[in-house]
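Engineer: Generate coordinates for the sequence data below:
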Amino acid sequence: MKQIWVIARRELASTFDSPIAYIAATVFLVATGLMFFFGIDGGQDFFEARQATLRPLFDSAPWVLAVILPAVTMRLVAEEKKTGTLELLVTLPVSDIKIIIGKLLGSMGFLVVALVLTMVFPAVVMSVGSPDVGAIIGGYIGLFLIGTTFLALGLMTSTWTHNQIVAFILGLLLCVFFWTATDALIKLAFDRPPVALRLLTFKTQFAAFAKGVVDIRNVVYFLTVTAVAVAASTYSLKSRNWR
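Structural biologist: Model (predicted):
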């Protein structure tokens, strides 16, 4: 466990040594702010709603996370492959799964910081009304879970290549696909999509969190997808031994 935390701290420090972290955090804060207050994504804005609620924020934030988080994870393994530091890392007495988990935890530190920055929005809402605190907590739990899933998918694509740009593009495509395309494809394929298929989409699983409802089934869903991505990342990292 100590080895995992050492890797996590190293990755978190490395993330904030790069301007990408600050750019991504700024983009996240500005984009979610514009969507929340002014509804520039086409949704209802805070002023139109005339309610003390953060629902517009929780509806739009996953879009932004799907774009910026692959930019944070693209370097996690791809950069180490390119610079040759990965070979040094794997010679240490630490397993591949610990390397992957450590890197994921390090990137989750950025996610926590980004979400904390948005606490300004609940503060604004509370200053003009009395929102449901339980709904706010539920929404943030959902953002943390789906953000962690996006990070795991981005980390997985970073293990596939030496090129950070390629890792970013692949991660972006995967995150956007699972957030939007799966839902759209199911609706195109079926006039009345089966409930089982609809439950497989990220949007459906996140919908309850956006309403402030924390359902253990939705939590398990995102944790399962994250675990599968971590397993795939570990498998990809191990594949270097087969060449």
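Engineer: Which SSE is immediately downstream of the lowest-mean-pLDDT helix or strand in the chain?
Structural biologist: Ranked by mean pLDDT, DSSP states H and E, the weakest helix or strand in the chain is helix 195-198, scoring a mean of 55. Using DSSP states H and E, the helix or strand that follows helix 195-198 in sequence is helix 202-210.
Engineer: Can you give me the buried ones in the helix or strand following that next one?
Structural biologist: Using DSSP H and E, the next helix or strand after helix 202-210 towards the C-terminus is helix 216-238. For helix 216-238, the neighbour count (16 or more other CB atoms under 10 Å) marks 218-219, 221-222, 225-226, 229-230, 232-234, 236-237 as buried. Every C-beta, even on glycine, is put in place using the N, C-alpha and C of the backbone.
Engineer: go on, stretch 164-184?
Structural biologist: Buried residues in stretch 164-184, counted by 16+ other CB under 10 Å: 164, 167-168, 170-172, 174-175, 178-180, 182-183.
Engineer: Walking through the chain, point out its helices one by one.
Structural biologist: Ranges of helices in the chain, per DSSP state H, are 2-17, 19-38, 46-49, 55-73, 78-83, 85-90, 96-117, 120-128, 133-158, 164-176, 182-189, 195-198, 202-210, 216-238.
Engineer: Provide a list of residues in contact with T159.
Structural biologist: Contact analysis of T159 by CB atoms under 8 Å, 6 or more residues apart in numbering lists 77-78, 100, 233, 236-237.
Engineer: 10 Å instead, please
Structural biologist: Counting by CB atoms under 10 Å, 6 or more residues apart in numbering, T159 makes contact with 76-78, 80-81, 86, 96, 99-100, 103, 167, 232-240.
Engineer: And K81, by the same measure?
Structural biologist: Listed by CB under 10 Å, 6+ apart, the contact partners of K81 are 87, 158-164, 167, 237, 240.
Engineer: related to what we said a few turns ago, least reliable of the helices of the chain going by mean pLDDT?
Structural biologist: Mean pLDDT is lowest for helix 195-198 among these, at a mean of 55.
Engineer: Give me the most central residue, the chain.
Structural biologist: Central residue of the chain (CA atoms, centre = their mean): G147, 2.2 Å from the mean position.
Engineer: any idea how far T148 is from the closest residue to it other than its chain neighbours?
Structural biologist: Of all residues not flanking G147 in the chain, L111 sits nearest, at 4.5 Å (CB to CB, 6 or more residues apart in numbering). L111 sits 7 Å away from T148, going by CB to CB, to the nearest Å.
Engineer: tell me how far stretch 218-235 is from the chain's mean position?
Structural biologist: Relative to its parent chain, stretch 218-235 has a centroid offset of 12 Å by CA atoms, centre = their mean, to the nearest Å.
Engineer: Use 58 as the first number from now on
Structural biologist: With the count now opening at 58, the last piece we talked about shows up as stretch 275-292.
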